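1. Structure, please.
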Amino acid sequence: MTDQITQDIIYTKVDEAPELASASLLPIIRSYAAAAGVSVGTRDISLAGRILAAFPEQLSDDQRISDDLALLGEWVKTPEANVIKLPNISASGPQLASAIRELQAKGYAVPDYPDAPTTDAEKEARARYDAIKGSAVNPVLREGNSDRRAAKPVKAFAQANPHRMGDWTPDSKTRVAAMPSGDFRGNEASKTLAGAATAKIVLTGADGTEHVLKEAVSYPAGTVVDATFMSAAALDAFLAEEIERTRAEGTLFSLHLKATMMKVSDPIIFGHTVRIYLAPVFEQFGDEMKALGVNPNSGLGDLLARVKGNAQIMTAIKQCLDARPPLYMVDSDKGITNLHVPSDVIVDASMPALIRAGGKGWGPDGKEHDAVCVIPDRSYAPVYDETIRFFKENGKLDPATAGTVQNLGLMAQKAEEYGSHPTTFEIPVDGVVRMVLEDGTVLHEHSVQAGDIWRSASARKAPIEDWVNLAIERQALTGYRSIFWLDETRAHDAELIAMVKPILEAKGVADKFEIMAPREATRASLETITKGENTIAVTGNVLRDYLTDLFPILELATSAKMLSIVKLMQGGGLFETGAGGSAPKHVQQLQSENHLRWDSLGEFCALGESFKFLGQSTGNAKARILGDAVEAATQGVLDHGRSPGRKAGEPDNRDSHYWFARYWAEALAAQGEDAELAAHFAPIAKALAEKEAAILEELHAGRGKPVEMGGYFLADAATTAAIMRPSATLNAIIG
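-> Down below sits the predicted model:
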């Protein structure tokens, strides 16, 4: 593969449902783009691609691939960058292990993931794999801040066709539980560096022994540097108390984390929860389970698989489960609980779904129940707590009349907690952790105990200033109520406020913005949209992620339909296809029923913005016209009900792509600005309309029957293309 990007637009190769959809949609995009002289290339940022790129020396010449993530990471720092980024797997430990096994079975000699590395080779392999896990992709590509909102046609359609919302009642027992103290929020310290600095992170044990946790962490001048820790003892005590309280209340017990993005801290917290929930079992059989390879961080599912041959342990587990409060279920039909797999329940998706359902979750009995939602850290738990309180008091939101919450998020250059993985540690011994600058200055200091989770995060000055200026531009364009979600009593937020206020005052717009802590901002935003008015949430990185699931799921029923634009700081554009994850359940349905219910609406929205940006930045009027026509096609898909259905036998993703191609061609043929484009697309539009019956018949051939893709993490390209492009008539028209 070439090591230079020469195409006008890069469409990322990713994982699971979005990648399957690309097999159908991308040929259409390339064909239409060519008419405007626009080239569309791909670069592989899939989990399998990232693994293979990390171990070139283990592979044969024909197996090696370029490190496309690193290449894109450099391209997004140029004014020419134009990337359409689809959702990719933010790999958890179990996902990474599954991908490794599949690649090895296909003949790729990548090493196993070493859980306890001892040799230098194992330590090196572990380091490379750890760099792949979690949100490895996002910090590399996000060299700009986030502008996420519902596209106008999407919001209009949602109001005209409101989705069903579960009823809330004042007596609902559903609640959020967070640690009263000892969490990341309570222990946080933050300082802004006056000059550029390099720090090392040192743990001094109680016996005086120094353990260097991290060396040479460099920061430019003006960086906000945080440090904090979560007490393991306080976490365990909190979990034990909440399990007992939940049992007494008669509700479901559920845990809500982000073990995919917070790839060091949250799997550990997840493991603590598994261990405390099964405390009697670990007390009695801990040594035996350890010998069987049990790691609670991997979840209850992995634990059960390892001990299933031991009748005593299985009996003890059943007795414990019977005595504990019932678990919130990911899949009650299959017995998959909230504690089975750390990556199965992701807080920004799981909490909005529960809230939309009226505070109900599925229990082991296959019925809906109220639930206790355990979100240990108080940094963001108040957002969900206040949302639940609001709906208990006021009833469910009406999507037909609700306004919208747009988001401007600080995320450039690994801002805030999502960039903290290299500086997050599980503390091995009691002692003191210090961040020490090269001149000997102690920047931060915490007394810790073995098992505590310590982390440092940062946000650089240039991204912060860019974020504030982006907010000023967006507020001026819309006139919407605009709120900085910053808490003056939180150390990190206080540093940001000290930077935000002078910029607003210097620009003469301080009166256009409010600054509120997340709890108060949540209520203000809900009050605003309940009245049918609109607001802009100006937030940090994690809240950006959480809110752009919460409000879209309430407003639109899904976050996958969000318009997500990253205005890159060097002038390029990154167009993300909305939130919503990579939908493994959608893949499972395709495999068993040849039905893909993934909705490419997010791809449509990103595509239109990408073409319009290209037209504006290069002066290619044809590209801009393509982008305008994408909006018309998207509106057509929505207005005519051409989105995929959920069940086999209904139209699916491939049907929606046919209709999108048809509406797109019709819009291009009808526009009067460019006669050459109109003439090119007129016969395509005519053929797509005349051959409708034949195309739909060919698309539906083989539906309802199992299909095999030749792999999950690395599917066979030709096989996948045959599955996703079954209409020879459509393929011939598109060319």
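2. Please count neighbours and contacts with C-alpha atoms only from this point.
-> Will do.
3. Can you tell me the element residue 411 falls in?
-> Using DSSP states H and E, residue 411 falls within no helix or strand.
4. what's near enough to touch the nearest residue to it once chain neighbours are set aside?
-> In space, and not counting its chain neighbours, residue 411 is closest to residue 541: 4.8 Å by C-alpha to C-alpha, 6 or more residues apart in numbering. By C-alpha atoms under 8 Å, 6 or more residues apart in numbering, the contact list for residue 541 reads 409, 410, 411, 415, 416, 417, 418.
5. And residue 589, by the same measure?
-> 595, 596.
6. And residue 224, by the same measure?
-> Contact analysis of residue 224 by C-alpha under 8 Å, 6+ apart lists 190, 191, 192, 193, 458, 459, 460, 461, 492, 495, 496.
7. Quickly note the distance from it to residue 463.
-> Plainly put, residue 224 is 11 Å away from residue 463 if you go by C-alpha to C-alpha, to the nearest Å.
8. hang on, the earlier thing: in PyMOL, how would I select just the buried ones from the contacts of residue 541?
-> In PyMOL syntax, the buried subset of the contacts of residue 541 is picked out as below (16 or more other C-alpha atoms under 10 Å):
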select buried, resi 409+410+411+415+416+417+418
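9. For the helix or strand of the chain with the lowest mean pLDDT, buried residues please.
-> One helix or strand of the chain scores below all others by mean pLDDT, DSSP states H and E: helix 137-141, with a mean of 81. Buried residues in helix 137-141, counted by 16+ other C-alpha under 10 Å: 137, 138, 139, 140, 141.
10. Show me what whichever helix or strand comes after that helix is packed against.
-> Next in sequence after helix 137-141, counting helices and strands by DSSP H and E, comes strand 144-150. In this structure, strand 144-150 makes packing contacts with strand 405-409, helix 461-478, helix 541-556, strand 562-568, judged by 3 or more C-alpha pairs under 8 Å, 6 or more residues apart in numbering; DSSP states H and E.
11. List the pairing partners of strand 144-150 within its sheet, with orientation.
-> Strand pairing for strand 144-150, using DSSP bridges, gives strand 405-409 (antiparallel), strand 562-568 (antiparallel).
12. quick one: contacts of stretch 486-496?
-> 185, 188-192, 224, 226, 464, 497, 515-518, 539.
13. my bad, should have said stretch 87-94
-> By C-alpha under 8 Å, 6+ apart, stretch 87-94 touches 14-16, 18, 45-47, 132-137, 259-261, 263, 298, 341-343, 576-582.
14. repeat that for 7 Å
-> 14-15, 18, 46-47, 133-135, 259-261, 263, 298, 343, 581-582 (C-alpha atoms under 7 Å, 6 or more residues apart in numbering).
15. next one: stretch 287-304
-> By C-alpha under 7 Å, 6+ apart, stretch 287-304 touches 94, 267, 268, 270, 271, 274, 275, 306, 339, 340, 341, 342.
16. again, only using 8 Å
-> 93-94, 267-272, 274-275, 282, 306-307, 314, 336, 339-342.
17. What subset of the residues you listed is buried?
-> Using 16+ other C-alpha under 10 Å, the buried ones in those are 93, 267-272, 274-275, 282, 306-307, 336, 339-342.
18. what helix or strand is residue 269 on?
-> Element membership of residue 269 [criterion: DSSP H and E] is helix 265-277.
19. list the contacts for the residue lying closest to residue 8 once chain neighbours are set aside?
-> Spatial nearest neighbour of residue 8, excluding adjacent residues (C-alpha to C-alpha, 6+ apart): residue 39 at 5.3 Å. By C-alpha under 8 Å, 6+ apart, the contact set of residue 39 is 7, 8, 9, 30, 33.
20. The third one: how many residues sit nearby?
-> Read that as residue 9. 24 (other C-alpha atoms under 10 Å).
21. Need phi/psi at it.
-> When read as degrees, to the nearest 10, the backbone of residue 9 gives phi -130, psi 140.
22. returning to that earlier point: which one of the helices and strands packed on strand 144-150 lies closest to residue 121?
-> Judged by C-alpha to C-alpha, the one of these that comes nearest to residue 121 is helix 541-556, at 34.6 Å.
23. picking that back up, so which of the contacts of residue 541 is the closest to residue 664?
-> Nearest to residue 664 among these: residue 409, at 31.4 Å, using C-alpha to C-alpha.
24. I'd assumed residue 147 was in contact with the closest one.
-> Yes - taking contacts as C-alpha atoms under 8 Å, residue 409 lies within contact range of residue 147: 6.7 Å.
25. sorry, back to before: go through the buried residues of helix 137-141 and name the one nearest residue 631.
-> residue 141 (25.4 Å).
26. ok, and the closest non-adjacent residue to the closest one?
-> Using C-alpha to C-alpha, 6+ apart and skipping residues adjacent in sequence, the residue nearest residue 141 is residue 73, 5.2 Å away.
27. That neighbour falls within a helix, correct?
-> Yes - looking at residue 73 with DSSP: H, G, I helix; E, B strand; the rest coil, it is inside a helix.
28. hmm, back to that, and the residue nearest to residue 411, what pLDDT?
-> Note on residue 541: pLDDT of 93.
29. That one and residue 419: what is the separation?
-> From residue 541 to residue 419 the distance is 9 Å (C-alpha to C-alpha).
30. ok, which stretches of the stretch 101-250 of the chain are helices?
-> With DSSP state H, counting those that start in this stretch, the ranges of helices along the stretch 101-250 of the chain come out as 120-130, 137-141, 152-160, 184-187, 232-249.
31. still on that earlier bit, Throw the contacts of residue 541 into a markdown table and include pLDDT, thanks.
-> Shown next, in a markdown table, are the contacts of residue 541 (pLDDT from 0 to 100):
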| residue | pLDDT |
| --- | --- |
| 409 | 95 |
| 410 | 96 |
| 411 | 91 |
| 415 | 90 |
| 416 | 90 |
| 417 | 90 |
| 418 | 86 |
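32. ok, the contacts of residue 541 vs residue 691, which is closest?
-> Of all the contacts of residue 541, residue 409 has the smallest distance to residue 691: 45.0 Å, by C-alpha to C-alpha.
33. what is that closest one paired to in the beta sheet?
-> Here residue 409, judged by DSSP bridges, has bridge partners residue 146, residue 539.
34. rewinding a little: which of the strands paired with strand 144-150 has the lowest mean pLDDT?
-> Between the strands paired with strand 144-150, the lowest average pLDDT goes to strand 562-568, which shows a mean of 87.
35. Done for today, thanks.
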